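>>> sharing a model that was predicted from the sequence below.
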Amino acid sequence: MTSASGRRSDCRRDLQYLDLARAYGEAAQRLGEGNASIGTPCIPFFHLVAHATELALKAVMSFQGSDEQDLMWTGHALEGCRRDAVRGGLDAFDSHGVRSFIDSLDQPHSMQSLRYPQRLHLPLPNVGDSLRALSEILDIINSYVTTKSA
C-alpha cells in the first residue's frame, strides 16, 4: 500500500500502533474517570495520556511511510511527531486545540518527567480536558488511517 506521500506504508503496523494507543487511552480513562476534579494531578494518568498520544502520532507517521527506525529516532517528542504528521498530510493536527494539548504534555513526556519521581516545573492540563482531547485525537487518527487506506 502506498501513502499520500507516495512512500510505502505497512497498514498493519499503523494499526498496531493505533490499537496500542487506544489501549493506553482506555487505561488513562479508567484511571482518570474518578479523578476528573482532583486538585493534584495524577502523574501516572498523564503518563498514560502522553504515551497514548505518542503511539497515535506514530501510527500516523507509519501510515505516511515512516519506517520503524524513523519512529524510534523521533523518540518521545510529541510536538515533533505532530509536526511530522501535519507535514505528511494530517491537516487536522494543525489546529490550535490539538497544538495546545500536545504542547502541554510535550516537555514532561519527552524529558521523561512523568516516568520517574521528580518535581514537575510545568502545569499539566485538566484531567477531563485531557480525556476529551485524547479521544478526539484517536478519532481523528482512526478516520485518517482507515479513510485513506480504503
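Yep, that arrived.

>>> any idea how far the residue nearest the centre of the chain lies from residue 119?
The centroid of the chain falls nearest to residue 53 when counting by Cα atoms, centre = their mean (1.5 Å). In this view, residue 53 and residue 119 are 23 Å apart by Cβ to Cβ, to the nearest Å. C-beta here means a position set from N, CA and C on the backbone, and glycine is covered the same way.

>>> before we move on, the earlier item: surely the residue nearest to the centre of the chain is in a strand?
No: read with DSSP: H, G, I helix; E, B strand; the rest coil, residue 53 is helix and lies in no strand.

>>> who's in contact with it?
Residue 53 makes contact with 21, 78, 102, 105, 109, 134, 137, according to Cβ atoms under 8 Å, 6 or more residues apart in numbering.

>>> could you check how far the third one is from residue 143?
If you measure residue 102 against residue 143 using Cβ to Cβ, the figure is 18 Å.

>>> what's the answer for residue 65, then?
Per Cβ to Cβ, residue 65 is found 19 Å from residue 143.
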